[in-house]
Every structure is written in structure tokens, then in C-alpha cells.
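Engineer: any chance you could fold what I've pasted below:
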Amino acid sequence: MGKKSVAECRLRNLRERMREENIDAWLVLSSDYHESEYVGDFFKCREYLSGFTGSAGTMVVLQKEAGLWTDGRYFLQAEEQLEGSGITLFRKGEENEISLEEFLIKKMPKGACLGVDGRTISVSGYRKLKKKLDQKNIQIRLDCDLVGDIWADRPSISHNAAWELEICHTGKTRAEKLAMLRKKLDEEAADSSVISSLDDIAWTLNIRGSDVAYTPVVLGFLYIEKTHAIWFVHQEAVNESLAQRLGADGVIIRDYNETEHFLAKESQGNNVYLDPDKTNMMIYQEVQKRKKACQGKIVEGKNVTLLPKAIKNRTEIENMQEAHRKDAVACIKFIYWLKTAVGKMHAEKQGNNKDDGREYQHAKLLTELSVAEKLEEYRKEQKHYLGPSFRTIAGYAHHGAIIHYVATGDSNLSLKSEDFILIDSGGHYLEGTTDITRTIALGPLTQEQKHHYTLVLKGNINLAAAKFRYGSAGISLDSFARKALWEEGLDYNHGTGHGVGYLLSVHEPPNSFRNAVGDHGYECMRMEPGMITSNEPGIYLPGKYGIRLENLIVCKELEKNTYGRFLGFETLTLVPFERDAIVAEELEAWERKWLNLYHARIFQEVGKYLNSEEYAWLREITKEI
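Structural biologist: Numbering: from 1, shown residues only. Have a look, this model is predicted:
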């Protein structure tokens with residue numbers, strides 16, 4: 001069955017259920033019950049209906065038409081994957097593009113009904129939508145899951161084993177964290193809190209798992225009171241030994257499916273603290289029932305875990321430095337292997353290669369997918385490596401211009417000894433999480449390619465070297481990375497940076513670099529020492545190539561004087577930039593100095609872990625320019 005037939009069949013079945021329930025439009029979000037960015041297979045309703053596999057997107061289905069909204073990272077990918085599906089792509093942020101809310105107002109009659117699974121929409125998301133739809137008295141129904149009704153072979157919900165992260169990695173015990181959070185709740189005049197977001201729960205309990213691809217978390221809800229906490233989790237995921245250790249810290253285990261009943265009937269404490277951005281509407285409504293019965297109230301604000309989790313302690317930072325050293329070894333070995341293999345390919349093409357050994361025979365089969373697999377092999381050689389932190393993006397030539405490109409069997413390009421390949425990847429280690437992008441030259445480059453590469457490099461250096469007064473937010477620092485591009489009328493359609501968790505989500509709020517205010521306003525929150533953020537400017541020329549250069553940087557104190565505190569960044573990533581793509585004359589003298597010091601540091605810290613050929617190659621490419 002072709003793409004069009006599959007989509008038509010599934011949309012037809014959904015529309016039939018909509019008619020049965022008297023629902024005029026059905027809203028499909030990308031989230032699970034915990035407002036996660038990446039979700040388990042059970043929750044991929046939007047992907048099931050549309051075929052679009054990007055991590056961000058919202059879909060609306062009416063009886064006669066359907067639309068899908070996504071952001072600039074996924075425009076090209078969505079265009080390809082929705083082709084022939086009958087679903088219209090709407091590009092969020094584009095000038096004159098109709099928003100989802102505007103679409104619903106325009107298409108739905110007065111008094112109509114919009115349906116959405118109430119477990120997948122946040123309180124703040126619901127309120128924003130309701131405020132718009134009230135203009136036409138459109139009702140929102142939250143009590144059904146119509147996609148689940150038609151999804152006959154829906155995967156089961158995950159309940160994999162949970163495991164505990166030791167104090168040598170966390171720097172703080174579970175008991176210390178719970179005590180700190182209770183103190184914060186007291187400051188908010190709250191008696192208890194419901195935490196729904198999985199990474200916040202994992203951080204609080206020093207627990208990790210594998211219920212979500214690329215994010216080592218466990219499905220559950222956490223209820224914190226003054227004397228104890230209750231973790232609602234699939235009980236088969238917690239062995240007896242772990243349950244006993246949790247119990248010793250006052251953490252009681254109850255079944256995941258008991259959450260709503262407990263919150264509505266059994267929860268104690270008058271005032272419950274909730275994050276409307278991270279709490280789904282079904283949870284909120286159950287808490288609301290209880291508060292009405294006991295004359296309590298709901299106190300709203302950002303999760304009390306938000307800043308403590310984002311501001312890494314000394315142990316976490318030292319471990320993250322070690323994780324990046326390990327990751328650098330894997331990445332540098334990989335880049336050397338790739339360039340060597342492509343070089344042999346080029347020599348064979350020229351008829352000059354007499355080496356028909358096994359390594360070269362493999363080189364002839366280089367593709368986007370095969371090089372991603374090879375990089376994973378090198379990471380697996382590193383001690384304490386646990387798995388990728390997201391699906392590797394390996395975009396060769398024009399595929400590099402697709403910001404979050406994912407190679408498939410159909411799209412998988414073979415590599416040639418020319419052009420760029422953009423590789424964005426990362427790993428989870430016991431020592432932390434990494435995220436790195438390098439754009440690698442596989443052969444001779446044009447002057448345009450070199451110029452664009454150098455502009456992006458200038459942006460990366462300028463942000464990495466920024467010095468700023470305490471109180472500055474990501475939105476005020478973002479332009480450091482865009483300045484060189486803006487001066488030539490160029491830009492990129494994504495944020496410059498996102499927070500990164502400690503063996504948690506590779507995209508961790510609140511710290512970020514963006515040049516516009518998003519839904520949550522995280523980019524307006526000030527940078528704090530200890531926050532780890534990505535630094536990833538880029539440029540994308542559809543149909544030609546893409547360039548992105550990403551390092552992780554940790555915010556640190558620089559000095560304090562009569563004008564205040566001044567902060568800056570230390571770069572954690574230790575992988576050289578593409579020497580053959582840099583136009584040295586286009587760099588300022590101080591930029592060249594920064595680059596030379598960075599490359600010298602890489603050679604000093606990583607070179608000793610390489611074999612003799614890799615060592616010699618690294619020494620050559622990290623020489624001063």
C-alpha cells in the first residue's frame with residue numbers, strides 16, 4: 001500500500017470515529033502524557049497518521065482536510081514525508097503562514113467541537129488554545145483517544161527496568177535533592193507537588209531507564225509531600241532492592257495507572273504546586289477535583305527542579321568533561337577513518353590505488369547510513385558508553401541543508417570524494433551527555449563553501465568567547481553567533497543553542513540561545529554558572545549543502561568588579577574543525593588565536609588516546625593557521 005493509500009485509510013477511519021463522537025476536528029500532538037520531546041512508540045499518534053517522523057509537529061484533522069504544523073528544522077523533511085498523503089504542510093514562523101489557532105477559527109463553525117487526548121496536552125497549551133477558540137464558542141473535548149481507537153497494532157507502553165545512578169556521578173544524594181525541593185515548595189507556600197516531566201523525576205530520584213528512545217528515563221509521575229514522596233511507575237520496572245533503597249529515602253512505589261485516582265481521591269496537603277507547561281490536562285483536572293473538596297488551591301510555576309537540574313554541580317561538570325574527552329576520541333577516530341576511506345575511494349577512481357584490502361572494499365560502500373553506524377562503533381569502544389543521545393543526522397551534499405534530516409533506505413546517499421557531509425550526533429555516558437556537529441569536507445570545496453564555512457565558524461567562536469554581565473539571557477547572547485552571517489544578509493532557521501542534561505535529555509530547558517521569544521520564554525531566563533548549552537550556528541542552502549558547527553559550552557564565572565559579575569563560557573567539546581574549509585584571512589586575529597589555542601588543547605588532551613596514524617594526522621590538522 002502506497003503512502004497516499006495508507007494515509008487516506010487511516011484518516012478515513014479517524015474521521016468515522018469523529019462522526020460517531022460528534023467531534024468536528026481532532027488535534028494530534030507529538031507529546032506523551034509527560035510533555036516529553038522524544039516519546040516512546042506507543043505515543044507516536046501523529047507519526048502513525050501522517051508518516052512524518054520529526055520530533056516536533058502538530059496535526060489537525062477535519063472531515064474534508066488535514067494540516068500539519070512544524071518548525072524550520074523540519075520543513076524539507078516534512079515536505080518529503082507528507083508528499084502524496086493529502087495532508088497540507090504549514091510552516092511555523094514563516095511570514096504570512098496561518099497558525100494552527102487561526103486555521104481552526106477559520107475552518108470550524110461556531111459552537112463546534114474540537115477533540116484532543118487530554119493526557120497529551122499541557123495546561124498552558126490548553127489555555128492558549130481555549131482563549132482563541134472561545135471567540136467562536138468552540139468546545140474542547142479531552143476525554144477520548146480516537147487515534148488509539150483505530151490503531152489496531154499499537155505498540156505496548158514501555159515499562160523497562162529502572163536503575164540507579166551513583167553519587168560519584170550525581171554529586172548529590174536523592175535525600176539531599178528531595179530536601180532541597182521541599183524547601184523550595186515552602187517558599188512557594190505549597191504543601192506538595194506533582195512532577196510529570198520524566199527527566200525532572202529521573203534527576204530528583206537519581207534514577208535512569210530506557211522507556212524513551214535516546215532519553216534514559218522511566219515513565220512515571222512523582223508526588224512530593226513534606227514527609228515522603230510517591231513514585232507512580234510500572235511496578236515491574238523497579239526491582240525489590242531498588243524499591244528498598246527508595247523506601248529508605250521516603251519514596252513509596254505505587255502503580256503508574258493509579259496516578260489519577262490518587263490525585264483525585266487520596267492526595268493530602270492543601271496547596272499543590274504544578275508546572276502548567278509540564279502538566280497534562282487530565283492530571284490537572286484530577287488535582288482540581290481534590291482541591292475543591294479540601295478547600296485547597298493549585299499553586300502554579302516552573303517545576304521546582306528546573307534550575308537545580310540545569311545548574312550542574314562540580315561533580316557533574318567534571319564528569320561531563322570526561323564524557324566529552326571520551327566522545328572526542330570516538331569522533332576523531334571516526335573522522336580520520338572517514339577521510340582515509342574517502343581518500344582511497346578517490347585514488348581508486350583515478351586508477352591509482354592498488355590496495356584492494358578489506359578496509360577499502362568497505363570504503364566503496366560508504367553511505368549516509370553506513371557512516372552513522374561506523375561512528376556508533378567508535379563510541380561503543382569507549383568505557384561507560386550507554387547509547388546515542390539522539391538519532392544521528394548524517395546529511396551528505398544537499399541533504400545537509402535539511403536541518404534535522406534522517407536518512408532512510410530510500411533517501412540514503414552514497415558518498416563521493418567531493419562536497420560536505422554534515423554529521424550531528426551525540427552519546428550518553430555514565431559521565432554525561434554529548435552533542436556535537438561537524439561538517440566534514442570529503443574532497444575539494446568551492447570558494448563559496450569555504451566562505452560560508454568560515455562565517456559559521458566565526459559565529460561559533462564569537463559565542464564561545466563571549467564575556468557578559470550576570471543577568472544576561474540567551475536571547476541577548478544569540479546574536480554573537482549570527483553577527484557574521486547577518487552582515488552578509490544570511491541566517492539560519494533554528495535556535496543557536498539548547499540546554500543539555502546530565503545523562504538525561506539532550507534538549508534540556510531552560511537555558512538556550514534564541515533570537516525570538518518562544519512559547520515558554522526560556523530564552524529570557526538568565527544564564528547561570530554551571531549551565532551547559534549547545535553552540536550551533538549554521539547555514540543551509542536547499543539543493544546544495546548545509547553547514548553546522550556545534551560544541552557544548554559550560555557557563556562559568558570570569559570576574560567580579562565594581563560593575564558587577566561577569567560570566568563567560570568554557571568549551572567542552574574537543575573535536576577539531578575542518579581545516580580544509582577555513583579561510584584564515586577571513587578570521588580576525590583574535591579569532592585565529594582562539595582557534596589555534598582550541599586546536600592545541602585538543603591535541604594535548606586527546607592525542608594520547610589515538611594510534612600512531614591517527615596521532616600524526618591530528619597533529620597536522622591542529623597546527624596553527
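Engineer: for the stretch 451-600 of the chain, which segments are assigned as helices?
Structural biologist: Ranges of helices within the stretch 451-600 of the chain are 474-486, 589-606, based on DSSP state H, counting those that start in this stretch.
Engineer: figure out which of those helices is closest to L503.
Structural biologist: Minimum separation from L503 across the helices of the stretch 451-600 of the chain (Cβ to Cβ) falls at helix 589-606, 21.6 Å. From N, CA and C alone the C-beta is placed, and that goes for glycine too.
Engineer: what about the strands in the stretch 251-400 of the chain?
Structural biologist: Under the criterion DSSP state E, counting those that start in this stretch, the stretch 251-400 of the chain contains strands at 251-255, 271-274, 297-300, 385-388, 393-396.
Engineer: strand partners of the first one, parallel vs antiparallel please.
Structural biologist: I take that to be strand 251-255. strand 229-233 (parallel) (DSSP bridges).
Engineer: tell me the first helix or strand C-terminal of the strand it pairs with.
Structural biologist: helix 240-248 (DSSP states H and E).
Engineer: low-confidence stretches in the stretch 1-150 of the chain?
Structural biologist: Within the stretch 1-150 of the chain, the ranges that satisfy pLDDT under 70 run 1-4.
Engineer: circling back: just name the most buried of the strands of the stretch 251-400 of the chain.
Structural biologist: Mean neighbour count (mean count of other Cβ atoms under 10 Å) peaks for strand 393-396 among the strands of the stretch 251-400 of the chain, with a mean of 25.
Engineer: helices or strands next to that one in the packing?
Structural biologist: Contacting strand 393-396 under the criterion 3 or more Cβ pairs under 8 Å, 6 or more residues apart in numbering; DSSP states H and E are the following elements: helix 368-380, strand 420-425.
Engineer: what angle sits between the longest one and strand 420-425?
Structural biologist: For helix 368-380 against strand 420-425, the angle between stretch directions is 40 degrees (axes from the mean of the first three to the mean of the last three Cα atoms, to 10 degrees).
Engineer: what is helix 368-380 packed up against?
Structural biologist: helix 314-349, strand 385-388, strand 393-396, strand 420-425.
Engineer: now mean pLDDT too, for those, in JSON lines please.
Structural biologist: Shown next, in JSON lines, are those (pLDDT from 0 to 100):
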{"stretch": "helix 314-349", "mean pLDDT": "94"}
{"stretch": "strand 385-388", "mean pLDDT": "98"}
{"stretch": "strand 393-396", "mean pLDDT": "97"}
{"stretch": "strand 420-425", "mean pLDDT": "98"}
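Engineer: can I get these in JSON lines including distance to E258?
Structural biologist: Shown next, in JSON lines, are the helices and strands packed on helix 368-380 (distance: least, Cβ to Cβ, whole Å):
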{"stretch": "helix 314-349", "distance to E258": "33"}
{"stretch": "strand 385-388", "distance to E258": "30"}
{"stretch": "strand 393-396", "distance to E258": "40"}
{"stretch": "strand 420-425", "distance to E258": "39"}
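Engineer: count the residues that sit near S55.
Structural biologist: 18 (other Cβ atoms under 10 Å).
Engineer: so it sits against S30, correct?
Structural biologist: Yes: with contact defined as Cβ atoms under 8 Å, S55 reaches S30; the gap is 6.7 Å.
Engineer: in the chain, which residue is most central in space?
Structural biologist: H507 (3.5 Å; Cα atoms, centre = their mean).
Engineer: not counting sequence-adjacent ones, nearest residue to that residue?
Structural biologist: H498 (4.8 Å; Cβ to Cβ, 6 or more residues apart in numbering).
Engineer: who's that neighbour bridged to?
Structural biologist: In this entry, H498 is beta-bridged to S512, by DSSP bridges.
Engineer: and it, what pLDDT?
Structural biologist: Listed pLDDT for H498 reads 97.
Engineer: I532 is in contact with that one, correct?
Structural biologist: No: applying Cβ under 8 Å, one finds H498 not in contact with I532, separated by 9.9 Å.
Engineer: and those two? which has more neighbours close in?
Structural biologist: Neighbour totals were compared for H498 and I532, and I532 leads with 28 against 25 (other Cβ under 10 Å).
Engineer: how much space between that one and L597?
Structural biologist: 21 Å (Cβ to Cβ, to the nearest Å).
Engineer: which ones are touching D424?
Structural biologist: Applying Cβ atoms under 8 Å, 6 or more residues apart in numbering, we find D424 in contact with T392, I393, D435, I436, T437, R548, E550.
Engineer: swap the cut-off to 6 Å and go again
Structural biologist: Residues in contact with D424 (Cβ atoms under 6 Å, 6 or more residues apart in numbering) are I393, T437.
Engineer: ok, the residue nearest to H507 - contacts?
Structural biologist: Counting by Cβ under 6 Å, 6+ apart, H498 makes contact with H507, S512, S534.
Engineer: ranking the helices and strands packed on strand 393-396 by burial, who's on top?
Structural biologist: When the helices and strands packed on strand 393-396 are scored by mean count of other Cβ under 10 Å, the highest mean neighbour count falls to strand 420-425 (a mean of 25).
Engineer: sheet-wise, list the partners of it with their directions.
Structural biologist: In its sheet, and by DSSP bridges, strand 420-425 pairs with strand 393-396 (antiparallel), strand 436-441 (antiparallel).
Engineer: averaged pLDDT, the lengthiest strand in the chain. What do you get?
Structural biologist: Criterion DSSP state E: the longest strand present in the chain is strand 551-561. The pLDDT scores in strand 551-561 average 98.
Engineer: how many neighbours does F221 have?
Structural biologist: F221 has 26 neighbours, counted by other Cβ under 10 Å.
Engineer: try E487
Structural biologist: If we define neighbours as other Cβ under 10 Å, then E487 has 10 of them.
Engineer: same question, the one 3 residues further on
Structural biologist: Counted with other Cβ under 10 Å, residues neighbouring L490 total 15.
Engineer: grab the nearest non-local neighbour of it.
Structural biologist: I539 (5.9 Å).
Engineer: which ones are touching the one you found?
Structural biologist: Applying Cβ under 6 Å, 6+ apart to I539 gives the contacts H452, V456, L490, Y492, I547.
Engineer: type out the ChimeraX command that picks the buried ones from those residues.
Structural biologist: Applied in ChimeraX, the following selects the buried portion of those according to 16 or more other Cβ atoms under 10 Å:
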select :452,456,492,547
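Engineer: just the ones of the contacts of I539 in strands?
Structural biologist: Short answer: the contacts of I539 in strands (DSSP E) are I547.
Engineer: nearest to L133, of the contacts of I539?
Structural biologist: Nearest to L133 among these, with distances taken as Cβ to Cβ, is Y492, at 33.6 Å.
Engineer: next, format the helices of the stretch 451-600 of the chain as TSV and append distance to R19 and mean pLDDT.
Structural biologist: Listed next are the helices of the stretch 451-600 of the chain as TSV, based on distance: least, Cβ to Cβ, whole Å; pLDDT from 0 to 100:
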stretch	distance to R19	mean pLDDT
helix 474-486	45	97
helix 589-606	61	98
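Engineer: and among those helices, the most buried is which?
Structural biologist: Highest mean neighbour count among the helices of the stretch 451-600 of the chain (mean count of other Cβ under 10 Å): helix 474-486, with a mean of 20.
Engineer: for it, which outside residues touch it?
Structural biologist: 455, 458-459, 462-463, 466, 491, 496, 512-515, 523-524, 537.
Engineer: one more: stretch 105-113?
Structural biologist: I23, D24, A25, L62, K136, N137, I138, Q139, R141.
Engineer: and for stretch 318-329?
Structural biologist: 169, 382, 427, 429, 431-432, 434, 572-575, 606, 609.
Engineer: on that earlier part again, between the helices and strands packed on helix 368-380, which gets nearest to Y214?
Structural biologist: Closest approach to Y214 among the helices and strands packed on helix 368-380 (Cβ to Cβ): strand 385-388, 6.1 Å.
Engineer: so how many other residues sit close to the closest residue in space to D71 that isn't next to it in sequence?
Structural biologist: Excluding the flanking residues, the one nearest D71 by Cβ to Cβ, 6+ apart is K92, at 4.8 Å. Other residues lying near K92 total 16 when counted by other Cβ under 10 Å.
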